[in-house]
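Colleague: Quick check, what structure comes out for this input:
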Amino acid sequence: MTEQQDSQPSMTPYQAIGGEAAIRRLVEAFYPLVQANPLIGPLFPAHIEPVMEKQILFLTQFFGGPPLYSDQYGHPMMRARHLPFEITPQRAEAWLGCMKQAMEQTGINPELQKFMLERLNGPAHHFINTNA
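Modeller: Residues are numbered from 1 along each chain as shown. Below you'll find the model as predicted:
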């Protein structure tokens, strides 16, 4: 590598998938899968658009884009925000499965999918608050 290449910042996942438009496509593919899933669909409101907008802001920030979620809502505190819901290991896996399907549907590069899912795996399992 040349010195110039070493000094250039690497591309964030947010940039690698195509920025805001790609995050929006991902979320728009993801939530119909969530709503149709018998394990996790009932946890979400019928009027899903506000949830989708927050997810767009969060994923943008989580994958290295602008801190849109924090700018609008403060620190994400995602575990605290999920405590009112019974999050089981099976529900965490169902959520991740829907995200994987959405990534496949939107054409995200398989290597990038793997990285993004590994990154989401930690928080998804951190939200688990019951084994029921």
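Colleague: just the strands in the chain please.
Modeller: With strands called from DSSP state E, the chain shows none.
Colleague: Flag the shaky bits of it, pLDDT-wise.
Modeller: Residues of the chain meeting the criterion pLDDT under 70: 1-9, 132.
Colleague: quick one: the residue most central in space within it and residue 39, what's the gap?
Modeller: The residue lying closest to the centre of the chain (Cα atoms, centre = their mean) is residue 59, at 5.0 Å. Distance of residue 59 to residue 39, given as Cβ to Cβ, to the nearest Å: 21 Å. Using the backbone N, CA and C atoms, a C-beta is placed for each residue, glycine as well.
Colleague: If you tally nearby residues, what's the number for residue 113?
Modeller: 18 (other Cβ atoms under 10 Å).
Colleague: Number the chain from 27, please
Modeller: Got it, first residue is 27 now, which makes that one residue 139.
Colleague: How much space separates the residue lying closest to it once chain neighbours are set aside from residue 60?
Modeller: Excluding its sequence neighbours, the residue lying closest to residue 139 (Cβ to Cβ, 6 or more residues apart in numbering) is residue 129, at 4.5 Å. Residue 129 sits 13 Å away from residue 60, taking Cβ to Cβ as the criterion.
Colleague: circling back to that earlier point, could you report the neighbour count for the residue nearest to residue 139?
Modeller: 22.
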